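Engineer: compute the structure for the input listed below.
(2 chains)
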Amino acid sequence: MNAPTVSQHLIMREVTTPSLTPALEDFIERHLEASPPVSAGVRLAAAMALRRIGLPHPGSEDYSFIRVGDLMSLLAQVPTRSALAATAATASETTASDAASPEPISRKLPSAQELAPWISPAAEGNRVVLIDGVFVPELSQVGEDYFVSPLEDSAPPDSPIPGMHLRFQGLHASFVNRIENMLEEENDAPAALAALFAAQPLLIRVPAKRLAAGPLQILHLTTGAHRSDAANRNDSFVIIHAGAQSESRIQVRHVRLSVSQDEATPADTLASTGVGGGRKGIATPVLENIHTLAVLEDGASLRFLELGADSADAAQDMHLRKLTVRLERDARLVAVSAHTGSRLTRTAFGIDLAGEGADAELNGAAVLSGARQGHQHVLLRHLVPHGTSRQLFKTVAAEQSRASVDGTIIVALDAQQTNAGQRIHNLMLSDEARADSKPRLMIHADDVKCSHGATAGKLDPAQQFYLESRGLPPDQARSLLTVAFVAEALDKAGNPGDPFRDALDHALLDGLRARLPGVSPGVPHA
Amino acid sequence: MSPTGGLAASDPETQTERVKPVDTMLEVKSLTAHVGEGDAITPILKGIDLSVKRGEVHAIMGPNGSGKSTLSKVIAGHPDYSVTRGELLFNGENILALAADERARKGIFMGFQYPVEIPGVNNAEFLRMAYNQRRKAEGKEEADPLDFEEILDVKMKELDMDARFKERAINEGYSGGEKKRNEILQMAILDPALAILDETDSGLDVDALKIVAGGINRLRGPSRAIVLITHYQRLLDYVKPDIVHVLSGGRIVKTGGKELALEVETKGYDWLVK
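Structural biologist: Presented below is the predicted three-dimensional model:
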């Protein structure tokens, strides 16, 4: 099997002995015991990583720009005592297999109508809905191109017996092994936690040589109230397996469904979501912690687009999103992550170019206002020769917002002929906003082409004068330039007119247009 | 075709109307301007007097650093330049207190020597916004995208511009000639009363120059004034000016007819500067 272990020496890391809280260790032990075989293996790998890296603490290098105390308070909140009890009780009363399933979904599910604002028509027939990390088949639609099932139950798509338990059978077992290996090497504590806590690892598989006709939409709905064993958080773990020579597109939307604190009956719960009005009470801050792990086999191509833009009442939430991708020979990845920040939004890319000729393109767009924060972390490793990678991060920081991009490119000793580039651009719309950039290149090979650049600046006065000299009022000129600044990153998601590209545009920029009068919401693109 | 061939003459109006120019459109009186602040002030314009009448084409020539570009930017309202003395009248109104966009909406257009690239802003969309701002200022109805596209198509065809310019971002990745053509396209769309073209000829090969000159000549007319700012006489072979000024050291040192441009071409600037 082709899963070369990453040389540990590549990862320069302070040597400490991280310790987890006793409650967490206790939980891990019980949780693993109660897990069915496949999930147990995956969770064990995540737990091992977690023990190695520890929880983020003040001074964690990967959290230089983040007030970790804030994050810790939410991360460490769970598992709660009651959750522990619930897990233990479940384990003792049911078979191991049943315990893998999350708590039964006791609440009424959102109707298709309620979900309509976030449903992409382009992904009709290919939709995966998760509520607080629990896959909801009733709301999902799966067509011919994408196979979706809990990892526990996954059989190869050509299996004559669907749902057959294949833990110890050839293909599937070796794939699960690779996932475990990847998890063991995880460097990001929240990502390891997501894999550990998620109700069930979900597998999305694109068969070899399948050229998916349309995108698959993943809808991550966060309520913080769906699982009785993990309140106020959504831990999700989604695995994507793109078969050799396959082509697929995945479009992720993160949606916060506000649930009032004093929900009385299940029927009330959805009536009180922020979807169609009728919301009551103030939303409890919720932690959304989502780990997506993708394996791109030889020649596979994946476009991964992600949008998280929440209403004002979710501004107190925290969002931790990690995309881990392993690219085999000649595999191609285009990733675009866009968001409007929150009390703390951290998106992370952990990308390994593990096969020769692999190509990765990472893009980020963030528009932050108020006191919102948006932080981007990147660890991209060129492990073998002839890999190419490009990164582009565009952040608009208005008012008192805070942003950072902490991006490292590692080129391993053997990775000759690597071509890697990284650009970080911050547009500062206010003197009170702050943006930090930490681009880093660690090059061990000697025949490579690597570049990186970071800028932070205000709108270009020359461009502004040019527009004004044609009669555009200053407000309109500023708005146009701000939108244009972000557009370069959004364009990586598709051309204007593409539904998801337009959704990104509206979600990120309509608020900005409203703040900068002069351009009506939803300016046409051409 | 001879160098002067037909371009100016292609517009019959110009020949007749130029003979009897009407009122004064632009009046620059003892204009003094500098760039910079505090101790870092650099005086550039040291008392400019200039009067441009409706229907006229003026050429302002001069050596590098004489203040030609500054003059055009000051008239357009560039915020980097401070006017310390003098007056700037447009149709009799002092416009010194007006911002650049307000001057533009009143009908002043400046063609840039170095048009900036603005990635991410669609050229056609920008043109429509600018066009509608001008329409609005004139109290006219704004054009919807389809109507505007028709207008744009006609103008682009006149300037021999490929339709793909509509899809592209403003000036991004354009060649020097394409950028200048885009300036002339904007001028044609905005239909200004006064056009000041700052070194529109620089960096153009002869073919591009002819196209740009053709665009300028098409806009010559009794209701418009054009000021050409140029370092070389070459453009004036194609766009015949009525009046030529030589600017040096922040002052206009000589004014004459189009023969002055030829004189400068053969003798250089030294005899005027000293």
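Engineer: who in the stretch 1-150 of chain B is up against chain A?
Structural biologist: B:76-80, B:99-101, B:104-105, B:109-110, B:112, B:115-116, B:118-122, B:124-126, B:129-130, B:133-134, B:137, B:145 (C-beta under 8 Å from any C-beta of the partner chain). Using the backbone N, CA and C atoms, a C-beta is placed for each residue, glycine as well.
Engineer: ok, the residue in the stretch 251-400 of chain A that chain B sits nearest to - contacts?
Structural biologist: In the stretch 251-400 of chain A, the residue that lies nearest chain B is A:K394 (9.8 Å; C-beta to the nearest C-beta). Going by C-beta atoms under 8 Å, 6 or more residues apart in numbering or on different chains, A:K394 touches A:G364, A:A365, A:A366, A:H425, A:N426, A:L427, A:F485, A:V486, A:E488, A:A489.
Engineer: from those, which land in helices?
Structural biologist: If you go by DSSP state H, the contacts of A:K394 have A:F485, A:V486, A:E488, A:A489 in helices.
Engineer: contacting chain B as well, which ones from the residues you listed?
Structural biologist: Counting by C-beta under 8 Å from any C-beta, A:F485, A:V486, A:E488 from the ones in helices among the contacts of A:K394 sit close to chain B.
Engineer: quick check: the last one vs A:Q464, distance?
Structural biologist: Between A:E488 and A:Q464 the distance, using C-beta to C-beta, to the nearest Å, works out to 18 Å.
Engineer: if we can go back for a sec, which ones among the residues of the stretch 1-150 of chain B next to chain A map onto helices?
Structural biologist: Members of the residues of the stretch 1-150 of chain B next to chain A lying in helices (criterion: DSSP H): B:76, B:100-101, B:104-105, B:124-126, B:129-130, B:133-134, B:137, B:145.
Engineer: just the buried ones from those, in PyMOL syntax?
Structural biologist: In PyMOL syntax, the buried subset of these is picked out as below (16 or more other C-beta atoms under 10 Å in any protein chain shown):
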select buried, chain B and resi 76+100+101+104+105+124+125+126+129+130+133+134
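Engineer: got CSV for the ones in helices among the residues of the stretch 1-150 of chain B next to chain A, with pLDDT and distance to B:I211 too?
Structural biologist: What follows is those, written out as CSV (pLDDT from 0 to 100; distance: C-beta to C-beta, whole Å):
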residue, pLDDT, distance to B:I211
B:A76, 97, 24
B:A100, 97, 28
B:D101, 97, 29
B:A104, 97, 24
B:R105, 96, 28
B:A124, 92, 20
B:E125, 90, 24
B:F126, 94, 21
B:M129, 93, 25
B:A130, 95, 22
B:Q133, 94, 27
B:R134, 93, 24
B:A137, 93, 29
B:P145, 89, 27
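Engineer: and the two most separated of the ones in helices among the residues of the stretch 1-150 of chain B next to chain A?
Structural biologist: For those, the maximum inter-member distance is 27.8 Å, found between B:A76 and B:P145 (C-beta to C-beta).
Engineer: just list whatever residues bridge to the residue nearest the centre of chain A.
Structural biologist: A centroid search over chain A (C-alpha atoms, centre = their mean) returns A:R321, at 3.4 Å, as the residue closest to the centre. In this entry, A:R321 is beta-bridged to A:I290, A:T347, by DSSP bridges.
Engineer: surely it and A:H254 touch.
Structural biologist: Yes - at 7.4 Å, A:R321 counts as touching A:H254 under the criterion of C-beta atoms under 8 Å.
Engineer: quick one: common contacting residues for the two?
Structural biologist: Common neighbours of A:R321 and A:H254, using C-beta under 8 Å, 6+ apart, are A:E288, A:I290, A:E306, A:G308.
Engineer: what's the separation between the nearest residue to B:A169 once chain neighbours are set aside and A:A335?
Structural biologist: Once flanking residues are discounted, B:A169 sits nearest to B:P119: 5.0 Å by C-beta to C-beta, 6 or more residues apart in numbering or on different chains. Applying C-beta to C-beta, the value for B:P119 to A:A335 is 21 Å.
Engineer: next one: B:H231
Structural biologist: The value you get for B:H231 to A:A335, if C-beta to C-beta is used, is 49 Å.
Engineer: what does stretch B:261-268 contact?
Structural biologist: With C-beta under 8 Å, 6+ apart, stretch B:261-268 has contacts from B:A59, B:M61, B:Y232, B:Q233, B:L236, B:P241, B:V244, B:V246, B:G256, B:L272.
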